[in-house]
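Student: I'd like to go over a predicted model; first the sequence, then the structure.
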Amino acid sequence: GIQVEQSPPDLILQEGANSTLRCNFSDSVNNLQWFHQNPWGQLINLFYIPSGTKQNGRLSATTVATERYSLLYISSSQTTDSGVYFCAVVSNGGATNKLIFGTGTLLAVQP
Amino acid sequence: EAEVAQSPRYKITEKSQAVAFWCDPISGHATLYWYRQILGQGPELLVQFQDESVVDDSQLPKDRFSAERLKGVDSTLKIQPAELGDSAMYLCASSLGQPGQPQHFGDGTRLSIL
């Protein structure tokens, strides 16, 4: 099945710093989503981005489907950005629509 | 923005007991998913419904887990009997019926088995 790898596995930032999270996937996809899981366990949908570039406030994401990777940019980080960031994909050739999640990036933003 | 509703938010029970989770998807979403997330890992699909039909339950431990979506709207996931290893976050998601549509998640039920 499709493999999803995220890097870095963990990251510590000072408030105000910028960061880039990466997601590599092993096959073509028809869905790619970025999620933020907060300390309470809520999985918050950041972007639906199977291809192209999107921006939402301090966050932006780019997916280059032909090269099988996606990037999540966080600018001017805040302590509330702390948590785990997941990339998840649906394989284009899959029989179902299940999301395959990466192992996540644990982000800690210090004041 | 419409949300996926789940209850209860937390559940603590003893092993060998029965436990049930409920999910109400976003109105109009034909596809409903149950995922399980073990601490330190990403969520993994347990079962997927298209309307009231099961599309994928290959990872559902059918000796103790059951899921239904009788009228093609809300859904119930049951565990009987619960085991210590079932402690996890159970997440429900929904999407429109077409392939590749984004999935929207509820807040989850955190299950602890004593």
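Tutor: Ah, there it is. Treat the numbers as computed from the prediction; the structure is a model and nothing was measured. Residues are numbered from 1 along each chain as shown, chains lettered A, B, ... in the order given.
Student: low-confidence bits of chain A, can you list those?
Tutor: Within chain A, no stretch has pLDDT under 70.
Student: which residue does it bring closest to chain B?
Tutor: Of all residues in chain A, residue A:101 sits closest to chain B, at 3.0 Å by CB to the nearest CB. For every residue, glycine as well, the C-beta is placed using N, CA and C.
Student: how close does that residue get to residue A:78?
Tutor: Remark: distance between residue A:101 and residue A:78 (CB to CB, to the nearest Å) = 24 Å.
Student: more neighbours, these two?
Tutor: residue A:101 (22 against 13; other CB atoms under 10 Å in any protein chain shown).
Student: secondary structure element for residue A:73?
Tutor: strand A:69-74 (DSSP states H and E).
Student: what is that strand packed up against?
Tutor: strand A:19-25, strand A:29-37, strand A:59-64, strand A:83-91 (3 or more CB pairs under 8 Å, 6 or more residues apart in numbering or on different chains; DSSP states H and E).
Student: contact partners for residue A:38?
Tutor: Listed by CB atoms under 8 Å, 6 or more residues apart in numbering or on different chains, the contact set of residue A:38 reads A:44, A:83.
Student: show me what residue A:69 is bridged to.
Tutor: As for beta bridges, residue A:69 partners with residue A:24, residue A:64 under DSSP bridges.
Student: skip the chain neighbours and tell me the closest residue to residue A:71.
Tutor: Nearest non-adjacent residue to residue A:71, counting by CB to CB, 6 or more residues apart in numbering or on different chains: residue A:62, 5.0 Å away.
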